[in-house]
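Peer 1: below is the structure, and that's it, no one-letter string:
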């Protein structure tokens with residue numbers, strides 16, 4: 001695999017979607033959780049999406065329940081929660097694992113491209129990966145990095 005465009009991910013309804021459909025667009029890929037202290041970041045992510053979607057930005061949310069069971073069991077509850085509480089309109093995908101033997105291959109790839117401070121492992125919800133329009137991983141951001149702090153790096157990709 002050379003770029004993220006080589007990956008296929010699952011939609012909430014279980015159907016598969018090729019990330020090749022996002023080719024040519026900058027992406028922000030985030031592992032999310034609905035019941036986390038960082039969940040209010042959905043507001044900042046949605047604001048960023050609203051501000052830059054006309055320029056091609058796509059934000060891809062991947063719900064994950066690996067950190068203190070902070071995600072709903074039912075993906076429909078997750079998507080409804082995000083829409084009702086934060087007005088999320090960017091794509092949300094099926095719930096995945098980001099670490100361990102069942103981790104999604106996309107996140108294996110992302111972690112190989114940009115390691116964390118001490119290891120590849122994702123430490124918590126809302127770890128973010130910025131991808132350029134060629135499908136290359138540009139940067140990895142800690143869970144506590146607010147979306148607004150990513151904007152400067154994002155603008156360089158347009």
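Peer 2: Structure received. Bear in mind the structure is a predicted one, so any value in this text is a computation, not a measurement.

Peer 1: point out the other helices and strands that the helix or strand bottoming out on mean pLDDT in the chain packs with.
Peer 2: The weakest-scoring helix or strand in the chain, judged by mean pLDDT, DSSP states H and E, is helix 75-86 (a mean of 87). Contact partners of helix 75-86 among helices and strands, from 3 or more C-beta pairs under 8 Å, 6 or more residues apart in numbering; DSSP states H and E: helix 41-52, strand 58-63. C-beta coordinates here come from the backbone N, C-alpha and C atoms, glycine included.

Peer 1: just checking, what packs against the first one?
Peer 2: Okay, so that is helix 41-52. If you count contacts as 3+ C-beta pairs under 8 Å, 6+ apart, helix 41-52 packs onto strand 27-32, strand 58-63, helix 75-86, helix 151-155.

Peer 1: quick revisit: in CSV, list the helices and strands packed on helix 75-86 along with distance to residue 98.
Peer 2: Converted to CSV, the helices and strands packed on helix 75-86 look like this (distance: least, C-beta to C-beta, whole Å):
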stretch, distance to residue 98
helix 41-52, 16
strand 58-63, 7
